[in-house]
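> sequence unknown, structure follows:
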Ligand code: CO
């Protein structure tokens, strides 16, 4: 059911420092910081040949990653995002299998303007999973 790995999201306490690490130490292609007020984050995209890394920093008081950074002050992996062809079919299959879909279970428009859902980390080995319809 799941297809390609779309991205791995890493919450970082210092976006400029994290971008510099990826650019200069790891030698990756790194975007400028892109504020996404609707999602409460500023993002730096790290483009790899086969996927991307998203460096996330809180934007605004209601940022969804604020609590994560409070618990993990040096940053950490926040979620992985898998592509699916049909997000409603994926949701129904997951729910039938007993997995918990976060929120009201209806897909939201995510940071890439595509429908997304998040799955409870306790059902996936402690990892928050995002599904994005392609
Ligand atoms: Co994501």
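Looks like it arrived, so ask away. It should be emphasised that the depicted structure is a prediction, and the values quoted were computed from it without experimental measurement.
> From now on I want contacts and neighbour counts done on CA atoms only, so please keep to that.
Fine.
> what's the spacing between the closest residue to residue 2 other than its chain neighbours and residue 66?
Sequence neighbours aside, residue 84 is the residue nearest to residue 2 in space, at 5.2 Å (criterion: CA to CA, 6 or more residues apart in numbering). Here the criterion is CA to CA, to the nearest Å. By it, residue 84 lies 28 Å from residue 66.
> so what's the residue nearest to residue 2 up against?
Listed by CA atoms under 8 Å, 6 or more residues apart in numbering, the contact partners of residue 84 are 1-3, 90, 131-134.
> Tell me what it is bridged to.
Note on residue 84: beta-bridge partners by DSSP bridges are residue 133.
> cool, residue 118 as well?
residue 130.
> where exactly do the strands run in the chain?
5-11, 29-30, 34-36, 41-47, 52-58, 76-84, 108-109, 115-119, 129-133 (DSSP state E).
> Provide the contact partners of the third one at residue level.
The list of residues contacting strand 34-36 from outside it, by CA under 8 Å, 6+ apart, reads 41-44, 59, 111.
> if you set the cut-off to 7 Å instead, what comes out?
Contacts to strand 34-36, defined as CA atoms under 7 Å, 6 or more residues apart in numbering, come from residues 41-44.
> residues in contact with the closest residue to residue 132 other than its chain neighbours?
Take residue 132 and drop its neighbours on the chain: the residue closest to it by CA to CA, 6+ apart is residue 116, 4.5 Å away. Residue 116 makes contact with 107-110, 130-133, according to CA under 7 Å, 6+ apart.
> List buried residues within the residues you listed.
Buried members of those, scored by 16 or more other CA atoms under 10 Å, are 107, 110, 130-133.
> Go through those residues and say which is closest to residue 10.
Distance to residue 10, by CA to CA, is smallest for residue 130 among the buried ones among the contacts of residue 116, at 13.1 Å.
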